[in-house]
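Chemist: Dropping the sequence and predicted coords here.
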Amino acid sequence: MANEGVYYSDYLQLDKVLGAQQLESDKAGNKHAHDEMLFIIIHQTYELWFKQILFEVGSVIDIMSQPNIHDNSPDLFIANHRLKRVITITQVLIDQINILETMTALDFLDFRNMLRPASGFQSIQFKLLEAYLGLKMEHRFGKEYYISQLRPEDAETIKNAELKKPLIALVNDWLERMPFFDKQEYWPDWKADGGVHPFWKAYDAIYSESLVQGEKFNLSRFEEIMLANEKKPEWSLSPKARRAALFILMYRDYPLLQLPFQLLNVLLEIDEHLATWRYRHMNMVHRMIGTRTGTGGSTGKQYLKGALDSHYIFAEFAELTSFMIERNRLPELSSTLRKRLGFEN
């Protein structure tokens, strides 16, 4: 029998997808609320996009979990490409709020009380995404409320996800493997005796001179987190990883550092897009319910404001811009290292 091929609606299982909008307002005893259909479709679409984001981030975690990644290999390019796709998707998530805002506060009241205690706060996929990226439980705003609203099996799923190494920890490990400061061939006059590397001594002096009076506090912060030998428990990035990241940011014009720079930049963009989404969501909630509590029992706008301020995952990369100096003042690299960074023989 000849293969009849795949039929469009069968392939996409549209009977399931298009039949998955069951309005609470259409159930017995309730009055039909027109905008509930929009509300359901918007949130189902969010969950589909969250699934795609998790798929992309999960694949990047697999790549970054390898013991060795060559910075000029396809692996790093693929990781960058997939994370850039995540950024494009998060822009769609932000833009979808424009559609949801065509629903007015009065339209929402037609069915809002029928949703209790369901809430977007119970989105397991979004919580998984935060865990995959590296948001720790102790850094979550309202952490005492974080799992209490979930079914036990969903709470267990989140707890198990947070036991695994997140993306930010894998990026930390990758940065720590950057070999340029550990090889004698690049620094002929340096002996690895545990002291501060001559490059960072020179950088520290130049950075100190670059600060105006109101910025002098940055110098002690630079020396605390960049020149230390040990990583504090509350830090996501070790001093060695921070130094590698700052070196990449400052010398990104060398061909070998272009992909690593793009990776660091894309992580900052993901943080920025997620923060923008939270900000738009917070303002929409305030517009829709004012100071009332959320359907799940949260404090509504107040909770969303706290999450917006505290749920930055890659903030330690953003802080590195405080320690940058002008290109024309950068310490001179050895000819051997310049050739290595420039793919020269």
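Modeler: Received the coordinates, thanks. Numbering: from 1, shown residues only.

Chemist: what distance separates the start and the end of stretch 10-17?
Modeler: One end of stretch 10-17 sits 11 Å from the other (C-alpha to C-alpha, to the nearest Å).

Chemist: How far away from the center of its chain is it?
Modeler: Centre-to-centre, stretch 10-17 and its host chain are 32 Å apart (C-alpha atoms, centre = their mean, to the nearest Å).

Chemist: Run through who's touching it.
Modeler: Here stretch 10-17 makes contact (C-beta atoms under 8 Å, 6 or more residues apart in numbering) with 8-9. Every residue, glycine included, has its C-beta placed from N, CA and C.

Chemist: tell me the mean pLDDT over that stretch?
Modeler: Averaging pLDDT along stretch 10-17 yields 96.

Chemist: With stretch 42-59 instead?
Modeler: 97.

Chemist: what comes up buried for it?
Modeler: Going by neighbour count (16 or more other C-beta atoms under 10 Å), the buried part of stretch 42-59 is 46, 49-50, 53-54, 56-57.

Chemist: Find the helix or strand that residue 42 is a member of.
Modeler: Assessed by DSSP states H and E, residue 42 sits inside helix 36-64.

Chemist: Which elements pack onto that helix?
Modeler: Other elements packing on helix 36-64 under the criterion 3 or more C-beta pairs under 8 Å, 6 or more residues apart in numbering; DSSP states H and E are helix 74-100, helix 124-133, helix 167-176.

Chemist: Pull out the buried residues from the longest helix seen in the chain.
Modeler: Of all the elements of type helix in the chain, the one with the most residues (DSSP state H) is helix 258-289. Going by neighbour count (16+ other C-beta under 10 Å), the buried part of helix 258-289 is 258-271, 273-278, 280-282, 284-286, 288-289.

Chemist: what packs against that helix?
Modeler: When contacts are defined as 3+ C-beta pairs under 8 Å, 6+ apart, helix 258-289 sits against helix 74-100, helix 105-109, helix 167-176, helix 239-250, helix 301-310, helix 315-319.

Chemist: how about these in TSV, adding mean neighbour count, mean pLDDT and distance to residue 337?
Modeler: Supplementary listing: the helices and strands packed on helix 258-289 in TSV, determined by neighbours: other C-beta atoms under 10 Å; pLDDT from 0 to 100; distance: least, C-beta to C-beta, whole Å:
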stretch	mean neighbour count	mean pLDDT	distance to residue 337
helix 74-100	16	95	20
helix 105-109	14	91	60
helix 167-176	20	96	17
helix 239-250	22	96	11
helix 301-310	18	61	39
helix 315-319	17	94	23
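
Chemist: gap between the two ends of stretch 189-196?
Modeler: End-to-end for stretch 189-196, by C-alpha to C-alpha: 13 Å.

Chemist: returning to that earlier point: could you export the helices and strands packed on helix 258-289 as CSV, including distance to residue 61?
Modeler: CSV is the format used below for the helices and strands packed on helix 258-289 (distance: least, C-beta to C-beta, whole Å):
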stretch, distance to residue 61
helix 74-100, 9
helix 105-109, 37
helix 167-176, 6
helix 239-250, 17
helix 301-310, 23
helix 315-319, 17
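
Chemist: right, and the ones you listed - which one's nearest residue 203?
Modeler: With C-beta to C-beta as the measure, helix 239-250 is the member of the helices and strands packed on helix 258-289 nearest residue 203 (8.4 Å).
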